[in-house]
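Chemist: Pasting the sequence and the predicted model now:
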Amino acid sequence: MILVLILLISSFSFAQDTVKTYYLGEIEVTAYRVGGEALNLPMAVSSIGREYITLKRTISLSDVLNYVPGVLAQSRAGASDIRLTIRGFGSRGFGDKSNAGTIRGIKILVDGFPETEPDGRTSLDFVDLLATEQIEIIRTNASTLFGNASGGIVNFETFKVKESFVELSSMVGSFGLFHRGVKVGLKLSDADVFLIGTGFDFDGWRKNSSAKKRQIYSTLKFKFSNISQFKLVAGFSSHLFYIPGPLTYAQFIDNPSVANEIYFSRRERRYNRIGKIGVNFTTQLRQNHSFDMRLYLMPKVLQRSERNTFRDFNRYFFGGAFSYQYYDENTKLKPKFILGYDDSYQDGTILFYNLINGERGDSLRTNKREGGRTFGFFARLEVQPFDKIFLSAGGRYDFQVYTSEIYPTGVKVRTRRDVLTLRHFTPSFSVLFKLAKNSTVYFTLSGGVEAPAFNEVDPPPELKDVSLNPLLKPMTSQTYEIGFKGISFFNGSIFQNLMYSFSTFRILIKDEIVPYENGKWFFSAGKSERKGFELSSRIGLKYANLNFAFTYIDAKYLKYENDLGDHSGKVVPGIPNLWWNANLNFNFKPLTLSVELAHTGRYFADDSNDIKVSSYTILNLSVSAEFKFLGFGARLLGGVNNLTNEKYIASVFINPERKVPYSFIEPGLPRNIFVGVSVRYRPLDLVL
């Protein structure tokens, strides 16, 4: 009844609308491979613009992604390492083997190039908020278009150069935060060049939680003609961060700034050095026919002190994507068809050494090779059989291949090789109806597949003579979603516009991947279900904007039993029942004041629902001022996060080791301040 009432109200308001342009309809979601504006896509999508990013610390995605319903981003130690979930996907991505510094179940892109590895893990080394102009989020299962680990899509679009400029920025804050960057943009006659170099240092607020990152990233866009475009991206990232580990509840209450004793004694950390080069070529073959090709290469040198070993990784990650698209706006059905192929491969060696006082010892314990490949074919057709009705259907067939080789490090030891292959077909169907020019309602049936990450397929000790767990199955899901979205305009002097979106969903999951023993090993749960709804709105006032995002999820196991008991009917751990974010921005030029409340509801940390994690609410404030003079522009920023200094649990290890007291808590960042300044120079008479 409420849904019908809102639809009627929105339809009436649009009937009165005479405004021809609006912000929501101008957002082109480039992460949606078929292309399209946010309002006309039959799925839950969101976009975060630069105006919100620049009001934050720009260190952690937890500072900005919580504007979006369905998305929960929690900082694990105050720097860039976060826990990220979308509608519950990715909730297992923290623990001993569900690694710090990586995300599960969610596809991360930067300028359309994947950061997500073939096995579904993603590190955020090339995600840089200082370089980001817009963040696009697809909250629906998108495996039909993107394959493995596509429970949600997050694409970071770097700056589009509209004019030549040079910009310097710097930020300092609590706990030794120092963030700085330099940006250069060149607008040429038929090309755009963007270059950014950034670095941040963070002493950390917990023991063994410092972080340091250096990064350079560049893009070159060149137009051959009106129908062909070439894009080159290249960069390098060096990222070192320490891991303080989980605490018991008593430690959390007494002094949350301490580190886990074992993690501290081992100086657990990650040191990633990664290069990147990618090319994207787009051309129109002839009228109504276009072709897109992407190729990329990411060599990696990684070092880790973890789980009582020192590990040296040498990896190369490369892949490509090819797609053909046909579209014709002049025929009756206005068809849009896409056919494509993706392929990504990562391989390399890992040397396991003994650990002495947190450093690499001289004893080589294991010499191992890990290779992973995922590839798939996809097709999707969209048609418009009636004036206001759009239908689309598609499918994808995926392959995931794991290869493990353990080489001998002693006499009379044979090389052990193991291969695991997974296959899955994912269908999708959707219908979208335009209620009015600026409002739509849709229904989508979409599927998902998520193969376990490489370090999750390690077999438990009872399985002998295998190095890949044959009992762990790929997690498959089916999402049923109904939603509506749009914008209304008002003629009043105070209220100016209302943008909104609402979606309700039911996700059925088979073989959900569940960690146990602090993530040392993994089960395949039988069946589980997530159902809920998301609401977001943006009220435009004359001197302010009010943004609100609300998420409710009821996630339960339908059928799941292991040697620890029957968990059928229990709440799936790691997924809060609700969370919301309210943000009020006051705009009094040249000042902007932002007040934000962020609430995360309670959830459980274990399958049996014995360990409860309390809810919390955080208050954040920030203010900025912008000034322009001749070719210069200056921006001042200051803010306070967690103003009330609330003590809260930011994330937990799922299914901690079966001993009391449990070490599972990662405390949230206490009150912290930041101030920053940026200066941009735009030559008034520069013509290149």
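Modeler: Cool, the structure landed.
Chemist: hey, let's count contacts and neighbours off CA atoms from now on
Modeler: Noted.
Chemist: Okay, and the residue nearest to Arg33 when sequence neighbours are not counted sits in which element?
Modeler: Spatial nearest neighbour of Arg33, excluding adjacent residues (C-alpha to C-alpha, 6 or more residues apart in numbering): Leu145 at 7.0 Å. In this structure, Leu145 sits in helix 143-146 according to DSSP states H and E.
Chemist: avg pLDDT for that helix?
Modeler: Throughout helix 143-146, pLDDT has a mean value of 87.
Chemist: For that helix, what is the distance to the chain centroid?
Modeler: 16 Å (C-alpha atoms, centre = their mean, to the nearest Å).
Chemist: Give me the helices and strands touching that helix, please.
Modeler: Applying 3 or more C-alpha pairs under 8 Å, 6 or more residues apart in numbering; DSSP states H and E, one finds that helix 143-146 makes contact with strand 359-386, strand 389-407, strand 416-436, strand 439-450.
Chemist: Sheet partners, orientation included, of the shortest one?
Modeler: Strand 439-450 has its sheet partners listed here by DSSP bridges as strand 416-436 (antiparallel), strand 475-489 (antiparallel).
Chemist: Give the rounded mean pLDDT of the longest one.
Modeler: I take that to be strand 416-436. Averaged over strand 416-436, pLDDT sits at 88.
Chemist: And the strands in the stretch 451-600 of the chain, which stretches?
Modeler: All strands of the stretch 451-600 of the chain, identified by DSSP state E, counting those that start in this stretch, fall at 475-489, 495-510, 513-516, 521-524, 527-541, 544-559, 561-562, 565-566, 578-588, 591-600.
Chemist: looking at the ones you listed, which is closest to Lys336?
Modeler: strand 475-489 (22.2 Å; C-alpha to C-alpha).
Chemist: could you give me the average pLDDT of the closest one?
Modeler: The pLDDT scores in strand 475-489 average 93.
Chemist: chain center to that strand: distance?
Modeler: 18 Å.
Chemist: hang on, the earlier thing: just name whatever secondary elements the helix or strand following the helix holding Leu145 is in contact with.
Modeler: Next in sequence after helix 143-146, counting helices and strands by DSSP H and E, comes strand 153-158. Under the contact criterion of 3+ C-alpha pairs under 8 Å, 6+ apart, strand 153-158 touches strand 107-110, strand 132-138.
Chemist: and those strands as CSV, adding mean pLDDT, mean neighbour count and distance to Lys659?
Modeler: Output for the helices and strands packed on strand 153-158, formatted as CSV (pLDDT from 0 to 100; neighbours: other C-alpha atoms under 10 Å; distance: least, C-alpha to C-alpha, whole Å):
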stretch, mean pLDDT, mean neighbour count, distance to Lys659
strand 107-110, 94, 24, 35
strand 132-138, 93, 22, 39
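Chemist: among those, which is nearest Ile654?
Modeler: Here strand 107-110 is closest among the helices and strands packed on strand 153-158 (C-alpha to C-alpha), at 21.6 Å.
Chemist: what sits up against that closest one?
Modeler: 114-116, 120, 122, 126-127, 146, 149-158 (C-alpha atoms under 8 Å, 6 or more residues apart in numbering).
Chemist: likewise stretch 79-89?
Modeler: With contact meaning C-alpha under 8 Å, 6+ apart, stretch 79-89 is reached by 59-62, 70-76, 90-91, 93-94, 100-106, 124, 139, 151-152, 202, 204, 211, 530, 553, 574-575, 651.
Chemist: returning to what we had before: correct me if wrong: the residue nearest to Arg33 contacts Phe377.
Modeler: No: with contact defined as C-alpha atoms under 8 Å, Leu145 does not count as touching Phe377 (9.0 Å).
Chemist: Quick check on these two: which one has the bigger neighbour count.
Modeler: Taking other C-alpha atoms under 10 Å, Leu145 and Phe377 do not tie; Leu145 has more neighbours (28 against 21).
Chemist: give the contact list for the more buried one.
Modeler: 33, 378-379, 395-396.
Chemist: Make a ChimeraX selection of whichever of these turn out to be buried.
Modeler: Of the contacts of Leu145, the buried ones can be selected in ChimeraX as follows, counting by 16 or more other C-alpha atoms under 10 Å:
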select :378,379,395,396
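Chemist: Ile618 versus the residue nearest to Phe202 when sequence neighbours are not counted, what's the distance?
Modeler: Spatially, and ignoring its direct neighbours in sequence, Phe202 is nearest to Leu177 (4.5 Å; C-alpha to C-alpha, 6+ apart). With the distance defined as C-alpha to C-alpha, to the nearest Å, Leu177 ends up 20 Å from Ile618.
Chemist: more neighbours, these two?
Modeler: The neighbour comparison of Leu177 against Ile618 (other C-alpha under 10 Å) goes to Leu177, with 23 against 20.
Chemist: got a list of what the more buried one touches?
Modeler: Applying C-alpha under 8 Å, 6+ apart, we find Leu177 in contact with 171, 200-203.
Chemist: Among the residues you listed, which ones are in helices?
Modeler: Of those, none are assigned to helices by DSSP state H.
Chemist: For the closest residue to Arg396 other than its chain neighbours, give me its contacts.
Modeler: Take Arg396 and drop its neighbours on the chain: the residue closest to it by C-alpha to C-alpha, 6+ apart is Phe378, 4.2 Å away. Neighbour list for Phe378: 144-145, 339-341, 394-397 [criterion: C-alpha under 8 Å, 6+ apart].
Chemist: swap in Gly372?
Modeler: By C-alpha under 8 Å, 6+ apart, the contact set of Gly372 is 118-119, 345-347, 400-403, 454.
Chemist: for this protein, which spans come out with low pLDDT?
Modeler: 1-28, 30-31, 34-35, 93-101, 409-414, 460-464, 466, 518-520, 684-688 (pLDDT under 70).
Chemist: rerun at 80
Modeler: The model of the chain has pLDDT under 80 over residues 1-37, 92-102, 408-418, 420, 454-473, 491-493, 515-523, 563-564, 658, 683-688.
Chemist: Of all residues in it, which one is nearest the centre?
Modeler: Val154 (4.6 Å; C-alpha atoms, centre = their mean).
Chemist: so who does it touch?
Modeler: 31, 106-109, 135-138.
Chemist: same deal with Phe291?
Modeler: Here Phe291 is in contact with 282-285, 322-325 (C-alpha under 8 Å, 6+ apart).
Chemist: Can you go through those residues and name the buried ones?
Modeler: Buried among the contacts of Phe291 (16+ other C-alpha under 10 Å): 282-284, 322-325.
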